[in-house]
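one predicted model, sequence on top.
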Amino acid sequence: LFACIATGLSGTYATACAIANELREKYPERRIRCVATRYCGGEACQMCWSLEISPVDSDIVFAGTDTNCIWKSIDGGKSWRNTSAGFNSMGTADIAVDPENGNIVYALGGTGGGYGSYEPYTGIYKSTDCGETWERVFNNPYYRKKNNKIIKFGKRNLSGKRRIFAGGHGMGAGAVYSDDEGKTWKTMNGISEYVTIDITLLDDKTVLAGTSGGVFVSYDNGETFTQCGPVTGESSTVTADPGDKNHWICGSGNALYETTDMGGTWTQINSFPDESGRTLGVSSVAYGYGDNPRLYVYLSPAHYPLRYSTDNGRSFTVPKKTVDCTEFIKDNSGWGGEPFALDRNDPDNVIVSFDGELYKSDDGGETYYASSSGYSGMRASGFLFDDENPQNIFIPSIDRGIVKTIDSSKNEEYPIVDYSPSEDSTCIRYGGSKTTLAAARDPKNHDRIIICIGGSDYTLKQSFDGGNSYFIIPGTSGNSTNFISFNPDNYRTVYA
């Protein structure tokens, strides 16, 4: 996008993405420890909101973001490229692959913004070439919202077609279903006014839905729903035991509930205490696959938030990261309620997003390693160059603070970068946030940097040591700016 703006190009968002993709492939960001392994990029192209491992071919994996459309891997998540041709929406709410035909993929296009944000290209998209190109088949509003899996494929009917379920976000038509391969869609009555968090198909007639208004069940294949959850009117995520359709697990607030009679009665089986002074919430629950499926829970906000249970939710194992990890943000361990994907063909294969960076597990979620090579596209708000050293560049960014290049003295075609000032735990912030709207570099002293940083609130900060440490400039808190400039004739004068 920066390239398109800088060169005065016009066109659709998808066109802009295509141009940006060419630049990403040629000039990926990567850290010095990743060069030897040819691990390129992976600096998180903004937050991930959907993940899907193809049930037909586990090497095919899809990831959807809030501002960078859809990404695809053909090597089991080792490397990624953007495949958004025809997908004109910025964000995604979910992605799902047909269980028998891997070329058929559906995705929900969202605004990339919060509730009430508008974009004319949101809706249900369909691909018939395994996610290479897309076409919108239904106009329906979706926005940036944490949810689990809300696209599901039913069994084939007598005419050979599946009922396709697509949850909603409480606007427009809401939750819908299609019986004609996505040509037309009908509303799922009883849940369309709520945000759908997850959908589970128990049999040919029974559909289970977790929503912002509680747990609902349908006995007519999703046409009408009635409430049956343990906590009425509260946001709930729910999953069903693959070996017993009467046994459900529900997450609401910081607690887990269990029913063994299809929602007739519920019992609280666990609650999650505060961690690091923060109250945890259950963002999603899901049973895995295999003979002894694990129960996964994603907590928010938490470090190492995706945890698993082998005793139906009574206790959980906190995962670890491998020692040799090529992640872009070294101490990144997750935070919000991000998506995860479970492999129907290999229960040990798990892919998850930790704070926008993709990780993979080969042991069912016990250990994870970075698997984001090529998954690039950090949104830059500017570039600060050094006239005396072209390898010395600062890049302020949205959500990611500021990154700087490393001068290896080897004259790379594109720079190696570092996450400044060191790792996520020490990244420069204000009010807990690190979006850097603007930055400027002293033309007389290139180690002096001034930035505007924050989130819901902003301030100006200044560094005199090349970005290793920053200090608030008195009198600037509570103000935001996307323009900072030094007077070239009098470097003591700064404009914002």
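All right, it came through fine.

any weak-confidence spans in the protein?
For the chain, the stretches with pLDDT under 70 are 1-46, 147-148, 323-325, 330-332, 407-426.

which strand runs longest in it?
Longest strand of the chain, by residue count under DSSP state E: strand 244-252.

give the buried residues for it.
247, 248, 249, 250, 251, 252 (16 or more other C-beta atoms under 10 Å). (Each C-beta comes from the backbone N, C-alpha and C, glycine too.)

for the fifth one, list the residues it contacts.
Residues counted as contacts of residue 251 (C-beta atoms under 8 Å, 6 or more residues apart in numbering) are 236, 237, 238, 257, 282, 283, 284, 285, 297.

give me the neighbour count for the closest residue to the last one other than its chain neighbours.
What sits nearest to residue 297 in space, not counting adjacent residues and going by C-beta to C-beta, 6 or more residues apart in numbering, is residue 285, at 5.1 Å. Residue 285 is flanked by 25 other residues according to other C-beta atoms under 10 Å.

confirm that residue 285 sits in a strand.
Yes: using DSSP: H, G, I helix; E, B strand; the rest coil, the secondary structure at residue 285 is a strand.

surely it is in contact with residue 256?
Yes: the pair residue 285 and residue 256 passes the contact test of C-beta atoms under 8 Å, sitting 7.3 Å apart.

what do those two both touch?
Common neighbours of residue 285 and residue 256 (C-beta under 8 Å, 6+ apart) are 249, 250, 297, 313.

for residue 81, state which of these is nearest.
Nearest to residue 81 out of the shared contacts of residue 285 and residue 256 is residue 297 (C-beta to C-beta; 31.1 Å).

give me the element that closest one is part of.
Secondary structure assignment for residue 297, by DSSP states H and E: strand 295-300.

what's the angle from that strand to strand 244-252?
10 degrees (axes from the mean of the first three to the mean of the last three C-alpha atoms, to 10 degrees).

and residue 190, how close does it get to residue 209?
Relative to residue 209, residue 190 is positioned 9 Å away (C-beta to C-beta, to the nearest Å).

re earlier: following element in sequence after the longest strand of the chain, please.
That would be, after strand 244-252 and using DSSP H and E, strand 255-259.

helices or strands up against that following strand?
strand 244-252, strand 267-271, strand 281-287 (3 or more C-beta pairs under 8 Å, 6 or more residues apart in numbering; DSSP states H and E).

okay, the strand holding residue 297 in PDB with CA atoms only?
Output of strand 295-300 as PDB, limited to C-alpha atoms (Å, rounded to 0.1, in the frame of the first residue of the first chain):
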ATOM      1  CA  LEU A 295      -9.700 -30.300  24.400                       C
ATOM      2  CA  TYR A 296      -8.200 -27.000  23.400                       C
ATOM      3  CA  VAL A 297      -8.900 -23.700  25.000                       C
ATOM      4  CA  TYR A 298      -7.700 -20.200  23.900                       C
ATOM      5  CA  LEU A 299      -7.500 -17.700  26.800                       C
ATOM      6  CA  SER A 300      -7.300 -14.000  26.500                       C
END
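
quick one: list the elements packing against the helix or strand following it.
Going down the chain from strand 295-300, the next helix or strand is strand 306-309, by DSSP H and E. Helices and strands touching strand 306-309, by 3+ C-beta pairs under 8 Å, 6+ apart, are strand 295-300.

buried ones in stretch 157-175, by neighbour count?
Buried residues in stretch 157-175 (16+ other C-beta under 10 Å): 162-175.

and for stretch 105-114?
105, 106, 107, 108, 109, 110, 111, 112.

would you mind measuring the gap between the ends of it?
The first and last residues of stretch 105-114 sit 25 Å apart, counting by C-alpha to C-alpha, to the nearest Å.

ok, now which ones touch the residue nearest to residue 297?
Counting by C-beta under 8 Å, 6+ apart, residue 285 has contacts 148, 237-239, 249-251, 256, 295-298, 313.

circling back: turn the buried residues of stretch 105-114 into TSV, including secondary structure.
Listed next are the buried residues of stretch 105-114 as TSV, based on three-state DSSP:
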residue	secondary structure
105	strand
106	strand
107	strand
108	strand
109	strand
110	strand
111	coil
112	coil
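
that older thread, of residue 190 and residue 209, who's got more company?
residue 209 (31 against 21).

what's the helix or strand for the nearest residue to that one once chain neighbours are set aside?
Of all residues not flanking residue 209 in the chain, residue 216 sits nearest, at 4.8 Å (C-beta to C-beta, 6+ apart). Here residue 216 sits within strand 214-218, counting by DSSP H and E.

which parts of that strand are buried?
Buried-residue list, strand 214-218, by 16+ other C-beta under 10 Å: 214, 215, 216, 217, 218.

look up the closest residue to the second one, ignoring the ones flanking it.
If you skip the residues right next to it in sequence, residue 215 has residue 229 as its closest partner in space, 2.8 Å away by C-beta to C-beta, 6+ apart.

how about the one you found, phi and psi?
Per-residue torsions, residue 229: phi -90, psi 170 (degrees, to the nearest 10).

who's in contact with it?
210, 214, 215, 216, 236, 238, 250, 252, 263, 266.

go on, residue 354?
Residue 354 touches 304, 305, 332, 333, 334, 335, 338, 368, counting by C-beta under 8 Å, 6+ apart.

identify the farthest-apart pair in the residues you listed.
Pairwise over these, using C-beta to C-beta, the maximum falls at 335 and 368, 14.6 Å.

ok so, going back, just the CA trace of the longest strand of the chain, in CSV.
Provided in CSV are the C-alpha atoms of strand 244-252 (Å, rounded to 0.1, in the frame of the first residue of the first chain):
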residue,chain,number,x,y,z
ASP,A,244,-20.3,-38.5,22.4
LYS,A,245,-22.7,-35.9,20.8
ASN,A,246,-24.5,-35.5,24.2
HIS,A,247,-21.3,-34.2,25.8
TRP,A,248,-20.6,-30.5,25.3
ILE,A,249,-18.1,-28.1,26.8
CYS,A,250,-18.9,-24.4,27.0
GLY,A,251,-16.6,-21.5,27.8
SER,A,252,-18.0,-18.2,29.1
